[in-house]
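> Generate coordinates for the sequence data below:
(one chain, ligands or ions: 1)
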Amino acid sequence: EKGGYEHFMLKEIHEQPKAVRDTLSGRIAEDGSAVTLGELDLSEEVVRSIDRIHIVACGTSYHAGLVGKVAIETLARIPVDVEIASEYRYRNPIVTDRTLILVISQSGETADTLAALRNAKMAGNRVMAITNVVGSSAAREADHVLVTWAGPEISVASTKAYTTQLIALYLFAAYLGQIKGTIASDERAKLMNAILELPLKIDEVLKTAPAIETIARDFSSWDDAFFLGRGLDFAVALEGALKYKEISYIHAEAYPAGELKHGTLALITEGVPVIALVTQDELYEKTVSNIKEVKARDAHVLALAWVGDEEIEKSVDRVLYVPHTLPFLAPVLLVAPLQLLAYYASIARGNDVDKPRNLAKSVTVE
Ligand code: M6R
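Sure thing, here's the model as predicted:
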């Protein structure tokens, strides 16, 4: 059942190219010119009326939402707030009939996410769900549903679900932009082509697993790890840190690199692992200067950077390269190395990878 892999998590990490292909299937016109999401049942008129989106989710799905915010704001110019469901459901958010509540849930059964969905429905608001389970409560109760075709995810640590949530969000953002006319057709074609190339590039990334295993073994003897990045790199850093703590039980924190000086730098000591993500070209110099700050405190820095970025080697101890794509799509390629890092750190510590202590796959009670 694990298809020859030692754990479900490893199997699911390796299923990501296929999961992405399946999630894209039938949703991009053959000539790459348009996104077709008829299944959403969202009329052009409604799309044009949406002036705010609230993304609501928990855990890894929340982290996908953070990338979704950037995707939607960039391509469709609609303001997006992203909130943790257990927070959102207990406050009194400002919602109008032009607000779309977008819940993201792999299982479609997470208690807090469902409660947020039900509150919104009860108030007469429009709700959309991105979920991996066709017959789930979220899929049944939302007005509009976009399914991720990741296939069953057994490991408690979410991997391929996140990656396909990203794909669904990019498609949705492009779809909104296409209707609203906020994305030029040549830009859209460029984006679609880049998205279609992602499965092969994830395959490339997965080939670096042996190098990641060595690094993870070294890092696993430390009780802390810090994940840094700016912009989308920070959004993925959050997911990398969650994965790391969830299965390796090592204290891990993600910070926007520019925040270091505001407190966290005090925690950086000699040899401590710092994982720095540097794929956002416009922020490159800024992040490198933050890397220099942690290097000055003798941290051990692993960078995740674009293939060909030899410059970065001067500032860090080790580099994992990912194939080049649009910086906007980088999260899809950055997450696999971070998943593998967490996986091998967990193995090195002798943990039960697929069933980490204290956690359940689906959190159906608050
Ligand atoms: O099924 P959901 O997407 O609603 O689950 C949300 C979180 O419980 C889930 O992503 C959790 O954070 C994962 N165990 C993280 O790997």
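> what does the model give T163 for pLDDT?
Looking at T163, its pLDDT stands at 98.
> Not including adjacent chain positions, what is the nearest residue to it?
Nearest non-adjacent residue to T163, counting by Cβ to Cβ, 6 or more residues apart in numbering: Q16, 5.0 Å away. Where C-beta positions appear, they are placed from N, C-alpha and C, glycine not excepted.
> What count of nearby residues applies to the one you found?
26 (other Cβ atoms under 10 Å).
> Which helix or strand lies directly C-terminal to the host helix or strand of D233?
In this assignment (DSSP states H and E), D233 forms part of helix 232-248. As assigned by DSSP H and E, the chain's next helix or strand after helix 232-248 is strand 251-256.
> need the residues of the stretch 101-250 of the chain near the ligand, please.
105-107, 110, 113, 156-158, 242, 246 (Cβ under 6 Å from any ligand atom).
> Could you measure from the residue nearest to T163 over to F172?
19 Å (Cβ to Cβ, to the nearest Å).
> leaving aside the residues next to it on the chain, what's closest to the closest residue to the ligand within the stretch 151-300 of the chain?
The ligand sits closest to S158 of the stretch 151-300 of the chain, with a gap of 3.8 Å, by Cβ to the nearest ligand atom. Excluding its sequence neighbours, the residue lying closest to S158 (Cβ to Cβ, 6+ apart) is T60, at 4.1 Å.
> if I've got this straight, the one you found is in a helix?
Yes. According to DSSP: H, G, I helix; E, B strand; the rest coil, T60 belongs to a helix.
> That one: how many residues sit nearby?
T60 is flanked by 22 other residues according to other Cβ under 10 Å.
> how much space between the residue nearest to I55 when sequence neighbours are not counted and the ligand?
By the measure of Cβ to Cβ, 6+ apart, the closest residue to I55 outside its immediate chain neighbours is G65, 3.9 Å from it. Distance, G65 to the ligand, by Cβ to the nearest ligand atom, to the nearest Å: 10 Å.
> Settle this for me: G65 is touching I101, isn't it.
No. Using Cβ atoms under 8 Å, G65 is not in contact with I101; the gap is 11.8 Å.
> shared neighbours of the two, anything?
V56 (Cβ atoms under 8 Å, 6 or more residues apart in numbering).
> Which one's more surrounded, the two?
G65 (29 against 25).
> Quick check: pLDDT value at that one.
98.
> For it, I want the exact helix or strand it lies within.
helix 59-76.
> Contact partners for the residue nearest to the spatial centre of the chain?
Nearest to the mean C-alpha position of the chain, by Cα atoms, centre = their mean, lies A64 at 3.8 Å. By Cβ under 8 Å, 6+ apart, A64 lies in contact with 57, 104, 162, 165-166, 169, 239.
> Dump those to CSV, plus neighbour count and distance to R140.
Below are the contacts of A64 laid out as CSV (neighbours: other Cβ atoms under 10 Å; distance: Cβ to Cβ, whole Å):
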residue, neighbour count, distance to R140
A57, 28, 18
I104, 33, 16
Y162, 30, 23
Q165, 29, 19
L166, 27, 24
L169, 26, 21
E239, 28, 28
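> between those residues, which is nearest V365?
For the contacts of A64, the residue nearest V365 by Cβ to Cβ is A57; the value is 17.1 Å.
> For the closest one, list each beta-bridge partner.
I84, I104 (DSSP bridges).
> From Y321, how far off is it?
A57 is 30 Å from Y321, by Cβ to Cβ.
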